[in-house]
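Asker: Here's a sequence, model it:
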Amino acid sequence: MDTDERRSTAAPPAGTSAAGASAAGARIPRQLWVEEPAIRRRMPDPVRTAAVRAVLIMSLTIIQAMVAFLCTLAGSWLAFPMVLSGVAGTVVATWSVLDVWVTRQVWNQRNGVVSVPSSTARSMRRERRAGRRAARAQARREARIRRRGDGRLSRA
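Answerer: As a prediction, this is how the structure comes out:
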């Protein structure tokens, strides 16, 4: 919904009543929730699954690091095992983030190139098209020259 549409659904100015509006200009009640189209597309299912998994693992690792820190401050016997498991959790969290990146790359390779202005596929297609156009133009020029040459030979 753009700005003009929002203004048209706004409340009437002070001193006027909504009851005085004509049937042609009947007010549309202002909505509490306005559905707007998404700017970005939804992530593919495998990528979204990997991302959710990574967020859960990272949050657990952060909680684990916090517990290890607090146990260290308190001088608890649990501090050393928590620090060791925190290091292992950091490795697993890093792996899960890399898994999101790899899953996204694999999905893009299997399901086509993302068409963005910086895409190399688009520039290569453009170059091939320009080459084919130049080859066709050259062939037309050569055919035109041959036709002219054939006509001159037949008249002589």
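Asker: any idea which helix or strand comes after the host helix or strand of residue 103?
Answerer: Using DSSP states H and E, residue 103 falls within helix 79-110. Next in sequence after helix 79-110, counting helices and strands by DSSP H and E, comes helix 120-155.
Asker: Could you check how far that following helix is from the centre of its chain?
Answerer: 40 Å (C-alpha atoms, centre = their mean, to the nearest Å).
Asker: Mind checking the pLDDT average for it?
Answerer: Helix 120-155 shows an average pLDDT of 80 in the prediction.
Asker: Use 43 as the first number from now on
Answerer: Okay, using 43 as the starting number, the last item reads as helix 162-197.
Asker: so how far is residue 91 from residue 150?
Answerer: Using C-beta to C-beta, to the nearest Å, residue 150 is found at 16 Å from residue 91. For glycine as for every other residue, the C-beta is placed from the backbone atoms N, C-alpha and C.
Asker: I meant residue 117, not that one.
Answerer: On the measure of C-beta to C-beta, residue 117 and residue 91 end up 41 Å apart.
Asker: same thing with residue 186?
Answerer: In this view, residue 186 and residue 91 are 61 Å apart by C-beta to C-beta.
Asker: Next: residue 115.
Answerer: 37 Å.
Asker: ok, now residue 141?
Answerer: Applying C-beta to C-beta, one obtains 10 Å for the distance of residue 141 from residue 91.
Asker: Please say which of these two ends up with more neighbours.
Answerer: Per other C-beta atoms under 10 Å, whichever of residue 141 and residue 91 has more neighbours is residue 141, with 17 against 14.
Asker: Tell me how many other residues surround the closest residue to that one other than its chain neighbours.
Answerer: Leaving aside its chain neighbours, residue 141 sits nearest to residue 92 (5.2 Å; criterion: C-beta to C-beta, 6 or more residues apart in numbering). Using other C-beta under 10 Å, residue 92 has 22 neighbouring residues.
Asker: Run the angle between the host helix or strand of residue 92 and helix 121-152 for me.
Answerer: Using DSSP H and E, the element containing residue 92 is helix 87-116. Relative orientation of helix 87-116 versus helix 121-152 (axes from the mean of the first three to the mean of the last three C-alpha atoms, to 10 degrees): 160 degrees.
Asker: gap between the most centrally placed residue in the chain and residue 126?
Answerer: Central residue of the chain (C-alpha atoms, centre = their mean): residue 82, 4.9 Å from the mean position. Going from residue 82 to residue 126 by C-beta to C-beta gives 40 Å.
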